[in-house]
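> what follows is a predicted structure for the sequence shown.
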Amino acid sequence: MKKGSTLFLKFVICLIAIGAVIWLIWFPQLEGRAANLDLISIYKDPLIIYAYIGSIPFFVALYQAFKLLGYIDGNKVFSQSSVNAVTNIKYCAITISGFIVLGVLYIRLSVNIDEDPAGVTALGIFSAFASLVIATAAAVFQRLLQNAVDIKSENDLTV
């Protein structure tokens, strides 16, 4: 792969990270419950704090993807460090899915009778499913990379 392609992908990862940070800072101020609150009270909401804690695996996965692109640039894609990066991405995707499911359960259990949490529930199910698809793809890539690393190490020993 040419360095221009990986440079573009690194740029996209940085844009995604910047967009996510901006969204995490800006969205709580737009939320309906925050209409009459001051800035400190907005960010003390348990659901907002939970979203911030739940976003940590997302940023870790972005960092691991950035590292993986660095390994590709350095022609070290068939190394144990790239397998570890894909493994970390898989675990982060599973963790994100768990945070989403727990958040949806919290919203479903704490909602008033007058409110309808169907939209949040559907969005949570779709997001958790997308995260699990990413985890499955990462598991497949991990297995393929591990097999390639094993074959490479066997070939290195025979030479």
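That came through fine. Remember, it's a predicted structure, so these values are computed and weren't measured experimentally.

> lowest confidence element among the helices and strands of the protein?
helix 39-42 (a mean of 78; mean pLDDT, DSSP states H and E).

> residue 94: neighbour count?
18 (other CB atoms under 10 Å). In short, each C-beta sits where N, CA and C put it, glycine included.

> elements contacting the helix or strand hosting it?
Per DSSP states H and E, residue 94 falls inside helix 80-110. The contact analysis (3 or more CB pairs under 8 Å, 6 or more residues apart in numbering; DSSP states H and E) places helix 80-110 against helix 46-54, helix 56-73, helix 118-158.

> which intervals of the protein have sub-threshold pLDDT?
Residues of the chain that meet the criterion pLDDT under 70 lie in 1-2, 32-35, 159.

> how distant is the least confident helix or strand of the chain from the center of its chain?
Relative to its chain's centre, helix 39-42 lies at 26 Å (CA atoms, centre = their mean, to the nearest Å).

> equivalent analysis for stretch 142-158, please.
28 Å.

> identify all contacting residues around it.
Contacts of stretch 142-158 from elsewhere in the structure, counted by CB atoms under 8 Å, 6 or more residues apart in numbering, are 77, 78, 79, 80, 82, 83, 86, 87, 90.

> relative to residue 137, how far out is the third one?
Read it as residue 79. Applying CB to CB, to the nearest Å, the value for residue 79 to residue 137 is 20 Å.
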